[in-house]
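Q: Here's my sequence, what's the structure:
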Amino acid sequence: MTDKKLALIATKGTLDWAYPPFILASTAAAIGYEVQIFFTFYGLQLLKKDLNLKVSPLGNPGMPMPMGMDKWFPTIGTAIPGMEAMMSGMMKSKMKSKGVASVAELRDLCLDADVKMIACQMTVDLFDMQPSEFIDGIDYAGAATFFEFAGDSDVNLFI
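A: Next up is the predicted model:
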């Protein structure tokens, strides 16, 4: 049993927001923390078997864009049909070229490191999701279960 605990809440289901909870959780587990991630609302997308994640440039003004587009391409231009697919493809290509692990690889690393992943049962019910949509090895529970762990954790993060 470890002395330190990390509790994470994952609420986002886009490609760019998938990395922080899995990177932080796998790193903490590697240095000896007991780790739990509570996935709620759109964060549940990160637990699905079919990871069809996209990055949304819309409403993400801090996103660096190629060819200096962030300087001359107004935010409204990111709403052009096909822009999301293009930006997602560019992000995946960039990550692959830099040797960054995929979301699925990081998620598997977390499972192998005994990171406990909890799908919010209320959100699963709210969105009429089925357990068959999700990967094996996760738990289903409510917010009270998260608080039991988080209340004794050394670090709590909302992502």
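Q: Just the pLDDT at the spatially most central residue of the chain, thanks.
A: For the chain, A18 is the residue whose C-alpha lies nearest the centre (CA atoms, centre = their mean; 2.7 Å). Reported pLDDT at A18 in the predicted model: 94.
Q: Next, the contact list for it, please.
A: Residues counted as contacts of A18 (CB atoms under 8 Å, 6 or more residues apart in numbering) are K12, L46, L51, L53, V103. (C-beta placed from N, C-alpha, C; glycine too.)
Q: quick one: which of these has the most company?
A: For the contacts of A18, the largest number of neighbours (other CB atoms under 10 Å) sits with L46, at 29 neighbours.
Q: Now F39: closest residue in space that isn't a chain neighbour?
A: Closest residue to F39 in three dimensions, ignoring its sequence neighbours and counting by CB to CB, 6 or more residues apart in numbering: A10, at 4.9 Å.
Q: Same check on A85?
A: Once flanking residues are discounted, A85 sits nearest to K54: 7.1 Å by CB to CB, 6+ apart.
Q: same thing with L46?
A: Residue nearest to L46 in three dimensions, not counting chain neighbours: A18, with 5.3 Å by CB to CB, 6+ apart.
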